[in-house]
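# Make a model of this:
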Amino acid sequence: MKSSKEESIALIRALSEAKAPSGFEDESIAVAAKFAAGFAGTREDSLRNLYINRHGNTGDKPVLMLDAHGDEVGFMIHSIKPNGTLRFLTLGRFTPGTLAGAKVWVRNAAGAFIPGVIAAKPPHFMTEAEKGKQTDISQLVIDVGARSAEEAREVFGIRMGEPAVPAVEFFCDEERDILMGKAFDCRIGCAALLETLKRLEGESLSVDVAGVISSQEEVGERGVNVAVNQIKPQAAICFEGCPADDTFMEPYEIQTALKKGPMLRFMDCSMIANPRFMRDTIELAERLGLKMQTSVRSGGGNNGAVINLSNQGVPVIVVGIPVRYIHSHYGIASMQDFEAAVELAVAVVREMTPEKIAGF
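I've put the predicted structure just below:
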């Protein structure tokens, strides 16, 4: 059953606003498990991978895995300085120059998220050498308003090892079809995975479909290493919130533009997508008149690389929803691209057969 547009936006909002950096995915998988409850069974493991077993799976068919990662780039508190500011390490890579002056949420010892600001030195205090120079992330600190290390610990409840995330409120401009928020890499992919499974509810398929909201992708695809060995798929679709290039590239170079459909990636620095699976999907999209675009990347990476090398080799495609400015506080995406990604994934699943998988 297809969700309404309002339901899909609500799902993307809840996933985007979940505070769930790598290793701390509890909030994002809680949102996913609640949404999936009506059409699938769910369970989670100690790495915070969420397994979604579609109702209707028989256990005697080839397994098609749907993956999207539930973590986001974030921070971990490293230590408290004598003046009460907090040193931190990043969980995943942020775009340099986007952090100073930004608001964050820091989890304290009571489990509450309290506001903080990544300290930006005023120009009044800068030396001539510092002016105009980009600050190294390792030199930044978070300020929650404490005046000493003792106050940070005892009044604010700060402690080592706690996570922090960008403090961003989701925004949707329905009239212009614009979504703005944090963590679209890969929460918009998580939403597409969940909606794909929902639309397949009650259908008789030639494959069993197993979904995974995987953990710790941003720190090295760690969760999917465990999940893929649990599921042991014969083929896989990896959903992503992928970096849109339409505000940076020359027109002839643009391969991942907003509002032109999901991106099917032939290669990046981590994997070469199965060429036969890719061509089959492209031909299916063309035959059904579904929007999509293709790319060849020299950088980047995703969970598909891990799945691809598991189980003696698994054919994988990446269905990426274009997101402008990933790995910063705010991303921009489109419901058109979300919907097109779901339509394509649903079509691929419906057409998948054991014979087709064997031909990949």
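
# which residues touch the nearest residue to Asp337 once chain neighbours are set aside?
Spatially, and ignoring its direct neighbours in sequence, Asp337 is nearest to Ile321 (5.0 Å; Cβ to Cβ, 6 or more residues apart in numbering). (C-beta placed from N, C-alpha, C; glycine too.) Applying Cβ atoms under 8 Å, 6 or more residues apart in numbering to Ile321 gives the contacts 184, 188-189, 192, 239-242, 262-263, 333, 337-338, 341.

# again, only using 6 Å
188, 241, 262, 337-338, 341 (Cβ atoms under 6 Å, 6 or more residues apart in numbering).

# Quick check: Lys34 is in a helix.
Yes. With DSSP: H, G, I helix; E, B strand; the rest coil as the criterion, Lys34 is part of a helix.

# Tell me, please, where in the stretch 51-200 of the chain the pLDDT is lower than the cut-off.
Applying pLDDT under 70 to the stretch 51-200 of the chain picks out residues 126, 128, 130.

# 80 instead, please
Along the stretch 51-200 of the chain, the parts satisfying pLDDT under 80 run over 120-135.

# So which of the contacts of Ile321 sit within strands?
Judged by DSSP state E, those include Gly241 as members of strands.

# Specify which member of the contacts of Ile321 is nearest to Asn53.
Comparing those against Asn53 with Cβ to Cβ places Ala341 closest, at 21.9 Å.

# residues near that closest one, how many?
30 (other Cβ atoms under 10 Å).

# Report the contact partners of the residue nearest to it when sequence neighbours are not counted.
Nearest in space to Ala341, with sequence neighbours left out and distances taken as Cβ to Cβ, 6+ apart, is Pro262 at 3.9 Å. The neighbourhood of Pro262, defined by Cβ under 6 Å, 6+ apart, consists of 292, 319-321, 340-341, 344.

# Could you measure from Pro62 over to Ile158?
Distance from Pro62 to Ile158, counting by Cβ to Cβ, to the nearest Å: 50 Å.

# Quick check on those two: which one has the bigger neighbour count.
Relative neighbour count places Ile158 above the other of Pro62 and Ile158, with 25 against 17, counting by other Cβ under 10 Å.

# can you pull the contacts of the more buried one?
If a contact means Cβ under 6 Å, 6+ apart, then Ile158 has 108, 152 as its contacts.

# Please name the residues that touch Gly320.
Shown in contact with Gly320 (Cβ under 6 Å, 6+ apart): 240, 242, 262-263.

# and if you look at Trp105?
Counting by Cβ under 6 Å, 6+ apart, Trp105 makes contact with 19, 113, 165, 167.

# how about the nearest residue to it, chain neighbours excluded?
Using Cβ to Cβ, 6+ apart, the closest residue to Trp105 is Phe113 (4.0 Å).

# now swap in Thr135 and tell me
Ala100 (5.6 Å).

# burial count for the one you found?
Counted with other Cβ under 10 Å, residues neighbouring Ala100 total 15.

# Phi and psi next, for it.
Backbone geometry at Ala100, expressed as degrees, to the nearest 10, gives phi -60, psi 130.

# roughly how far apart are it and Ala167?
According to Cβ to Cβ, Ala100 and Ala167 sit 15 Å apart.

# is it true that Arg87 touches His78?
Yes. Because the distance of 4.3 Å satisfies Cβ atoms under 6 Å, Arg87 is recorded as touching His78.
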